[in-house]
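Model the structure of this input:
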Amino acid sequence: MQIPDEMLKRAEYISSLIKRSDEVLIVTHIDADGITSGSIARITLDRLGIENEVVFVKQLSDSEIEKIADENKFTWFTDLGSGQINSIIDKKIDFVITDHHLPVMDNKRQLNPHSFGFDGSYELSGATTTYILSRYLGNRLFAMNVDLIPLSIVGAVGDLQDSREGRLLGLNRIVIDEGIKRKVLAVHKDLRFFGKQTRPVVKMLEYTFDPYLPGISGNEAGAINFLDSLGIEVSEWKKWIDLSEEERKRAVNEIVKLCISAGIPFKSIKRIVGETYILSHEEEGTELRDAMEFSTLLNATARYGYEDVGLKVCLGDRDGAFKRARTLLQNHRRNLSEGIRLVDEIGIVELENIQYFDAKDMILDTIVGIVAGMCFSKANLNKPIIALARNDEGIKVSARATQRLVDRGVNLAKAIKLVSEKIGGKGGGHSIAAGALIPESEVDRFLKELDRVIGQQLARA
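Numbers count the residues shown, from 1 in each chain. Just a heads-up that it's a prediction; the model follows:
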């Protein structure tokens, strides 16, 4: 596979606009894909000697666009902007966009995989799109900016683009292949559970809920017994990476057998083992070595208003910022556990085609979507989960589906966008995960209409 000539020409044009600028305002999203996208843009501009500033936004609302317009600076939108390009143009902002969300229109100042026949839900992330432009801004004929490949893969994994088949697909493969060639990235076939680098293997298994492992997930004693039954010595600090190759192979085989006996769909079982992306220059046994763990670390900074900490880690700070990020990660894990406990208390309400919970102001709107995804371990796997939370602007909606639901025809991005705009809100995202901001007075109408639209999507499949 190659990057289409039309896409390279677009990158060349956009790079010419950036290079003629003396100062650039980088506007990016507050998740792992957004932080890595903004970091790639920042490092690239620093190397070009172009003054720049990174600004993070939860959502590119009309009020945020107004603030950006007031800055009167050339603006590079990363991991957002494609859904709001009309408003950006209306405000006469001098801009470029590297985004992967579904665009409302094509524009020569926008680099987006959808414009060239690729699906931004899984074939290119905000960070890998931004890297392609960064490569062009360096010099695509030479090995300039290839050291930014690991950051771009962290962004893609953080955006769950490897969840479809257990590996990154589409144009992401081009970036991966170059990373391997340049020895900045390694790809291993391994168990795709979180915590292989940093968690004791017992805790890694206990905290795995996707897929749900009967007798092991949420059960420390069950995880210990499972390892004992395989003749794997259990110690307090032994991690997955500390096991021998033979021990890992035995564990994987038994996990697969367990999932088959539990009736887990074959497609889900196939994704248990897949590609793990290793950042070759990072220290083994840290959160920065594995793209999955790195992305979670970044999410833990941005979701609590400390995006600058995540940015500094991406820019190379392995002292104060990294320590602070680790502390935030511990806090993030506690909040997620508390969020799941709260959902257990308030319950999940099932409609005909969707299920939802209303966290009100008891779960932060920045993490309620993550909590929703984790709740699939105890919810109906045949219906998308919709989470509601309050913020200063209204009701934040976070929607999550499983890959199995997407395979059956569910497209949350289209459904959420259609329904939210019908009731005076705004929304979008990807087929497997999407979000919206809606008026508080329209919650019941939103849920009823979304239930109907999701039903139509499933009926057409």
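
Which pLDDT value belongs to the closest residue to residue 342 other than its chain neighbours?
Counting by C-beta to C-beta, 6 or more residues apart in numbering, the nearest residue to residue 342 once its immediate chain neighbours are dropped is residue 362, at 5.6 Å. (Glycine included, C-beta is placed from N, CA and C.) Per-residue pLDDT puts residue 362 at 95.

Wait, a strand at residue 362?
No - counting by DSSP: H, G, I helix; E, B strand; the rest coil, residue 362 is not part of a strand but coil.

Endpoints of stretch 227-244, how far apart?
13 Å (C-alpha to C-alpha, to the nearest Å).

What residue, apart from its backbone neighbours, is nearest residue 279 spatially?
In space, residue 279 comes closest to residue 150 once its chain neighbours are excluded; the distance is 4.4 Å by C-beta to C-beta, 6+ apart.

in the stretch 251-400 of the chain, which ranges drop under the pLDDT threshold?
Applying pLDDT under 70 to the stretch 251-400 of the chain picks out residues 377.

And the stretch 51-200 of the chain, by the same measure?
In the stretch 51-200 of the chain, residues with pLDDT under 70: 139-143.

Which residue ranges of it form helices?
Along the stretch 51-200 of the chain, counting by DSSP state H, counting those that start in this stretch, helices occupy 62-71, 85-90, 126-138, 149-158, 172-181.

I'd like to know which of these is closest to residue 200.
Using C-beta to C-beta as the measure, helix 149-158 is the one of these that comes nearest residue 200, at 22.3 Å.

now the closest one and helix 126-138, what's the angle there?
160 degrees (axes from the mean of the first three to the mean of the last three C-alpha atoms, to 10 degrees).

Pull the distance from helix 149-158 to the chain's centre.
How far helix 149-158 lies from its chain's middle: 9 Å, per C-alpha atoms, centre = their mean, to the nearest Å.

Look up phi and psi at residue 403.
In terms of degrees, to the nearest 10, the main-chain angles of residue 403 are phi -60, psi -30.

try residue 454
Main-chain dihedrals, residue 454, degrees, to the nearest 10: phi -60, psi -40.

Contact partners for it?
Applying C-beta atoms under 8 Å, 6 or more residues apart in numbering to residue 454 gives the contacts 353-354, 383-384, 410, 415.

and if you look at residue 76?
Applying C-beta under 8 Å, 6+ apart to residue 76 gives the contacts 18, 24-27, 41, 95-98.

possible to save those residues as a markdown table with neighbour count and distance to residue 108?
Output for the contacts of residue 76, formatted as a markdown table (neighbours: other C-beta atoms under 10 Å; distance: C-beta to C-beta, whole Å):
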| residue | neighbour count | distance to residue 108 |
| --- | --- | --- |
| 18 | 20 | 14 |
| 24 | 24 | 18 |
| 25 | 21 | 20 |
| 26 | 23 | 20 |
| 27 | 31 | 19 |
| 41 | 30 | 19 |
| 95 | 23 | 12 |
| 96 | 24 | 10 |
| 97 | 28 | 11 |
| 98 | 30 | 13 |
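
now the residue sitting nearest the centre point of the chain: how far from residue 121?
Centroid-nearest residue in the chain, with C-alpha atoms, centre = their mean: residue 159, separated by 2.0 Å. Going from residue 159 to residue 121 by C-beta to C-beta, to the nearest Å gives 9 Å.

Equivalent analysis for residue 255, please.
27 Å.
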